[in-house]
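*Asks:* Turn this into a model:
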Amino acid sequence: MTKFFAIGFAAVAAIALVVMGGLVFWNDGKSCATSVVAGGQATIGGPFSLVDHNGNAVTEKDVITGLTLIYFGYTYCPDICPLDTQRNLDAVDILHENGVEITPVFITIDPARDTVSALNDYVAASHPRLIGLTGTQEQVKAASKAYRTFFRKSGEGEDYLMDHSTQSYLMDKTGFLQFFRRDTSPEDMAKTISCFAGV
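*Replies:* Okay, here's the model as predicted:
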């Protein structure tokens, strides 16, 4: 009877976690909560084929080799992207100080203007660990679809803007771990990421 009660309790607890919008991963004895977003945890991320800021063709296996923080934006963005990217890079620096290495990745949603050369300049001015990714319109759309992000062109002419989603995704080789809204501080990001690093 006790055995059946324990099994039933575990099942109810698991269901409750999913209903509350999260799953719990155990990493080196620590429980690390992962959020369920955009239709479910298992739907975030997937294969992509893009070009990095040095002009090398890469896939997700080349880029996501450990803890990786992925953000979709564009270098011509006047306000949101610079703030979000800097927040992510601040979290990367905090983690580095605590002995945790993570790769920040910037995937453009504006490949027409964000060429390899433009991304190379952007990366050089941003952070030594940052990886910039671009590609054809089709390649970028496929990557965006894999991560359930949204973007669309707004306006005409050379100074058009891009409407887009602003989540940052924490990934590793096993897949999606967590997402961060733009109001999350770099300190809180670093704390959450440290859990998945076993720190």
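*Asks:* helix/strand/coil for the most centrally placed residue in the chain?
*Replies:* In the chain, the C-alpha nearest the mean C-alpha coordinate belongs to Y169, at 2.2 Å (C-alpha atoms, centre = their mean). Following DSSP: H, G, I helix; E, B strand; the rest coil, the label given to Y169 is strand.
*Asks:* Pass me the low-pLDDT residue ranges in the protein, would you?
*Replies:* For the chain, applying pLDDT under 70 flags the ranges 1-31, 33-42, 199.
*Asks:* how close does I107 get to D188?
*Replies:* Distance of I107 to D188, given as C-beta to C-beta, to the nearest Å: 23 Å. Where you see a C-beta, it was placed from the backbone N, CA and C, and this is true even at glycine.
*Asks:* cool, Q167 as well?
*Replies:* Distance of Q167 to D188, computed by C-beta to C-beta: 15 Å.
*Asks:* Name the residue in these two with the higher neighbour count.
*Replies:* The residue with more neighbours, out of Q167 and D188, is Q167; 21 against 12, by other C-beta atoms under 10 Å.
*Asks:* The more buried one touches F150, doesn't it?
*Replies:* No - here Q167 lies out of contact with F150, judged by C-beta atoms under 8 Å, at a distance of 9.9 Å.
*Asks:* Can you get me a residue count around A124?
*Replies:* Around A124 there are 12 other residues, counting by other C-beta under 10 Å.
*Asks:* Correction: the previous question concerned I64.
*Replies:* Look at I64: counted by other C-beta under 10 Å, it has 19 neighbours.
*Asks:* Just list whatever residues bridge to the nearest residue to it once chain neighbours are set aside.
*Replies:* Spatial nearest neighbour of I64, chain neighbours left out: M171 (5.3 Å); criterion: C-beta to C-beta, 6 or more residues apart in numbering. Applying DSSP bridges to M171 yields these beta-bridge partners: T68, F176.
*Asks:* Pull the contacting residues for G73.
*Replies:* Counting by C-beta atoms under 8 Å, 6 or more residues apart in numbering, G73 touches I80, C81, D84, T85, F106, I107, T108, I109, H164, T166.
*Asks:* And T166, by the same measure?
*Replies:* G73, I80, D84, R181, R182.
*Asks:* how deep is the last one tucked in, by neighbour count?
*Replies:* If I follow you right, that is R182. If you count neighbours by other C-beta under 10 Å, R182 ends up with 14.
*Asks:* measure it to V58 for me?
*Replies:* To V58, R182 is 26 Å away according to C-beta to C-beta.
*Asks:* quick revisit: and the contacts of G73 as TSV, adding secondary structure?
*Replies:* Converted to TSV, the contacts of G73 look like this (three-state DSSP):
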residue	secondary structure
I80	helix
C81	helix
D84	helix
T85	helix
F106	strand
I107	strand
T108	strand
I109	coil
H164	strand
T166	coil
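*Asks:* Give me the buried subset of those.
*Replies:* Among those, those classed as buried by 16 or more other C-beta atoms under 10 Å are C81, D84, T85, F106, I107, T108, I109, H164, T166.
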